[in-house]
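> Build me a model:
(2 chains)
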Amino acid sequence: MYGTRLRLLSTLTAAVLITAYALAAFTAPLDADQGFSQKIFYVHVPMAIVALCGFVFGGIMAIQHLRTRDPSYDLKSYVAIHLSVVLGVGVLLTGGIWARAAWGVWFEWREPTLVSFLIVFLLYCTYQPLRFSIEDPDRQARYASVFAITAGAFVPLNFLAVRLAQPYIHPRVLNDTGGALPTGMKIPFYLALVGMALLFVTLWKYEMAHKHSRAQLRALRRKLGGEAAGAGRTAAPQVHAP
Amino acid sequence: MSSGAAIAALLRKELLLERRVPQVIPGMALFSVVTYVVFRFGLDRTSVEGSLAAGVLWVTLLFAAMLGANRLYVTDHEEGGFDGFLLAPVDRTTLFVAKALAFGLFLVLVEIVAVPAFAVLLLGPGLGAAEVGRLAAVLALADVGIAVIGTLVGALAIQTRARDLILPLIALPMLVPVIISAAKATAPVLAASGAGGLPGRWIALLCLYDLVFGLLAYAVFDFLLED
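You can find the predicted model right below:
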C-alpha cells in the first residue's frame, strides 16, 4: 500500500529537483550584493519550509491518532516528525553557511527566522527521547501524539514571538505582497520548493513502506514458528501486520 | 459531583499536602535566592538593571518553576493518586484545572518571596508602587503560561523513565515565547533611567500564549490519563 508507485514518485522527485537546481545554477540571475553565495537560498529556504510543514503535518496526524485510535496515524506522525528533524539539521547547516557568507557569522541572534527555527528544532529533538523513555507502546503512542499536537501549535506562535522581538535583517523571501523575487529567481525557487516537498513525500513513503514490510516479515517469521521476535525497547511505533 | 466541586476538592488536596509537608514552595524559593547569588558571581555584578535585571529575574523564576513542575505529580504517581482519581466519577480535565491552579498559586507564593529578595539583593533601581503594579501584571500573565505548560508537560514527563530530564527539555523551549515577552515587558520597568510603561504588544503576546496553550492543554490533557 505504501510501496505502490514509488518508482514514478522517485523519478518525478529527481526530475523536479534536478530541473530546479539546474535553473538555479545556470539561468537564475546572480544576487546583486551577495553574488554566488546567495544560490544556497534555493536549498535552504525550501528545506526550512518543508521541515516546518512536516512538523505541522505530524501534529495533524497526531490529532487524527487521538481521535480515531488508529495506530497507523501514530506511525505517520512519527515518520513525518523524524524526517523533519533530519531536514532541520540541513536547514541549520545551510543557514549557518549562508549566514557566514552573507553576514560573516555562523549564527546570527538578531535574525528571528533562524532563531525561531533553532528553538523549534531543539523542541522536536526531544521527541525521540520522549518516545524512548516510555515503555508501554500504547502509552508511548498517546504521549507522543500529545507532544506532537502541542509542539505543532507551538511552531507558528514561536515564530510570531521571535519575529516581534527583533528588527529583522533576514531577507523576506515571501512577503505579504506575494514575493519580492524577480521572475528569473522565482521559477527555480518554486520548483525547488515543489521538489523538496516531493522529496519529503517520497522519503516518507519509503520509510512507511519499510516499516510495514518489516512488520509483515516479522509476522511471517512468527507464523513459520521462528523465534517470537522480541522487538526490544524502541522509540519507533510498533506496526502490527494484518 | 460537579466539576467545580471536584476542582475545589483536588485543589484543597494539593494545598493540604503542601501545608502538611512543605516541600515545593520552600524548595523553589530557596533555589531562587541561591540562583541570585550564583548570578551575582557569575556576572560579577553587585547590582543589575534594565534588560539584564529582567533576564536574571526571569531565568531564575523559570528554572525554579521547572523544579516545581518536576515535583507536581510525584505523589500522585508514587502513592497512587492517579488511580484514586481515575476511580472517581469526575471529568478528567478537572485534574488539569486543579493542578494548574495549584501550580499557579505555588508560583505566586514563590514570587512573593523571590521578587522582593531580588529587589533587595540585586536590583539597582528601587521599585515604586507603580513599578510593583506593572511587574505584578506581567508576573501574573507569565505565571498562567508557565503553570499551563508545567502542568501539561509535567503530566507527560511523569510516566517516562527519565522524567526530570524530559521535563525541562520540552518545557524550556516551549516557554521561550513567554520568556521573550516577559523579559521585554519588564525590562523598561526595571530600568535605572526611570521606569517606562508596559509595552502593549508583549502583554498581548503573553495573553495570546496563555489562551492558545490553555485551550490546547485543556483539550489534550485527557489523553495523558487513560490507563
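
> Now do the contacts for B:Val59.
The contact partners of B:Val59, taken as Cβ atoms under 8 Å, 6 or more residues apart in numbering or on different chains, are B:35, B:179. All C-beta spots, glycine's among them, are computed from the backbone N, C-alpha and C.

> ok, now the one 4 residues further on?
The contact partners of B:Phe63, taken as Cβ under 8 Å, 6+ apart, are B:31, B:35.

> That one: helix or strand, and which one exactly?
In this assignment (DSSP states H and E), B:Phe63 forms part of helix B:50-71.

> Report the buried residues of that helix.
Of all the residues in helix B:50-71, those buried under the rule 16 or more other Cβ atoms under 10 Å in any protein chain shown are B:50, B:52-58, B:60-62, B:64-71.

> Tell me the pLDDT of the residue positioned nearest the centre of chain A.
Residue closest to the average C-alpha location in chain A (Cα atoms, centre = their mean): A:Ser84, at 2.3 Å. Note on A:Ser84: pLDDT of 95.

> Same check on B:Ala219?
90.

> One more: A:Gly179?
If you check A:Gly179, the pLDDT there is 50.

> returning to what we had before: helices or strands up against the helix or strand containing the residue nearest to the centre of chain A?
For A:Ser84, the enclosing helix or strand under DSSP H and E is helix A:71-103. Taking 3 or more Cβ pairs under 8 Å, 6 or more residues apart in numbering or on different chains; DSSP states H and E as the contact definition, the neighbouring helices and strands of helix A:71-103 are helix A:41-68, helix A:112-125, helix A:127-132, helix A:137-165, helix A:183-223.

> Near chain B, which residues of chain A? Just list them.
A:66, A:119-120, A:122-123, A:125-126, A:129-130, A:133-135, A:139, A:142-143, A:145-147, A:149-151, A:153-154, A:157-158, A:160-162, A:164-165 (Cβ under 8 Å from any Cβ of the partner chain).

> Buried only: go through these for me.
Applying a neighbour-count criterion of 16+ other Cβ under 10 Å, the buried members of the residues of chain A next to chain B are A:66, A:119-120, A:123, A:125-126, A:130, A:133-134, A:139, A:142-143, A:145-147, A:149-151, A:153-154, A:157-158, A:161-162, A:164-165.

> in stretch B:165-174, what counts as buried?
Of the residues in stretch B:165-174, B:166-174 count as buried by neighbour count, 16+ other Cβ under 10 Å.

> Columns distance to chain A and pLDDT on top of those, output as a markdown table?
Putting the buried residues of stretch B:165-174 into a markdown table (distance: Cβ to the nearest Cβ, whole Å; pLDDT from 0 to 100) gives the following:
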| residue | distance to chain A | pLDDT |
| --- | --- | --- |
| B:Ile166 | 6 | 91 |
| B:Leu167 | 10 | 93 |
| B:Pro168 | 10 | 93 |
| B:Leu169 | 4 | 93 |
| B:Ile170 | 5 | 93 |
| B:Ala171 | 10 | 94 |
| B:Leu172 | 8 | 94 |
| B:Pro173 | 4 | 93 |
| B:Met174 | 6 | 92 |
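
> ok, and what's touching stretch A:19-35?
Contact with stretch A:19-35 is made by A:36, A:38-39, A:42, A:101-102, A:182, A:184-185, A:187-189, A:191-192, A:194-195, as judged by Cβ under 8 Å, 6+ apart.

> What's the PyMOL line that selects buried ones from those residues?
Filtering the contacts of stretch A:19-35 down to the buried ones (16+ other Cβ under 10 Å) takes a single PyMOL command:
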select buried, chain A and resi 38+39+42+102+185+187+188+189+191+192+194+195
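
> What is the nearest of the contacts of stretch A:19-35 to chain B?
Within the contacts of stretch A:19-35, distances to chain B taken as Cβ to the nearest Cβ reach their minimum at A:Ala102, with 24.7 Å.

> Check whether that closest one really touches A:Ser37, as I assumed.
Yes: A:Ala102 sits in contact with A:Ser37 when judged by Cβ atoms under 8 Å, with a separation of 6.5 Å.
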